[in-house]
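> Fold the following for me, if possible:
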Amino acid sequence: MFLQFDKLNMVSIFFTIPFTLIYAVLFGITMKIADLHNEHKLKSFKCAGVLFGFIWGILGTLLILSNNIIGNIVLAMTIAFLFRMRIDYINHAISASLIIIGFLFYGIFQPIIFLSFYLIFLVFGSLKDYIDDVLKRKDLVYKLNEIMLYYPIPTLIYSILFNDWIVFFVFLLYTVSYDLTKYYGMKLGYK
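Below you'll find the predicted structure:
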């Protein structure tokens, strides 16, 4: 008797909780590495910034495919980046395009989830931009603002209310991996 492989089960393993958490970590890392190539002059190899933008977008799409709530929140984050004028390089545009197109093909739009997180990310992200870009503060307010607590705190509240803990852990891991990559880049001199 031959072994039969269920193709659907083989594909679905890539959207289990462990894989989703891995995607979240890699999403944060590749997002910051893409950023380091543009704004902070990191030079790994030719077209590395574009490649990392593409990988960042693919990972965002994998998060969309992994969980519908996470997908709406990733879309909210991406649209908030657009309105905050943070999609300002080709690799950012590649990533944002892949995420939006991925959501249009595979996501299920949930207006209340999307709008709630979009407004949080827009308001607190804009506040972060103002403190960074206009005030140029380097005090405790700056440090608290730099770690982007506006991602894990609202998702923690959502997870407590709806007992959907994967949402919190995805955005906690995303934030921690982004911040650690940023910190490591600063240690290497990419400010």
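> In stretch 118-134, which residues are buried?
Buried residues in stretch 118-134, defined by neighbour count with 16 or more other Cβ atoms under 10 Å: 118, 120, 121, 122, 124, 125, 128, 131. C-beta coordinates here come from the backbone N, C-alpha and C atoms, glycine included.
> want to try a markdown table for those residues, with secondary structure, distance to residue 70 and pLDDT as columns?
Compiled in a markdown table, the buried residues of stretch 118-134 are given as follows (DSSP: H, G, I helix; E, B strand; the rest coil; distance: Cβ to Cβ, whole Å; pLDDT from 0 to 100):
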| residue | secondary structure | distance to residue 70 | pLDDT |
| --- | --- | --- | --- |
| 118 | helix | 14 | 98 |
| 120 | helix | 15 | 96 |
| 121 | helix | 14 | 96 |
| 122 | helix | 18 | 96 |
| 124 | helix | 19 | 91 |
| 125 | helix | 18 | 90 |
| 128 | helix | 22 | 83 |
| 131 | helix | 27 | 80 |
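> Could you export those residues as CSV, including distance to residue 78?
Listed next are these as CSV, based on distance: Cβ to Cβ, whole Å:
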residue, distance to residue 78
118, 10
120, 14
121, 9
122, 12
124, 16
125, 11
128, 16
131, 22
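> lowest-pLDDT helix or strand in the chain?
Sorted by mean pLDDT, DSSP states H and E, the helices and strands of the chain end with helix 7-12, the least confident at a mean of 66.
> OK, contacts around residue 147?
Counting by Cβ atoms under 8 Å, 6 or more residues apart in numbering, residue 147 touches 175, 179.
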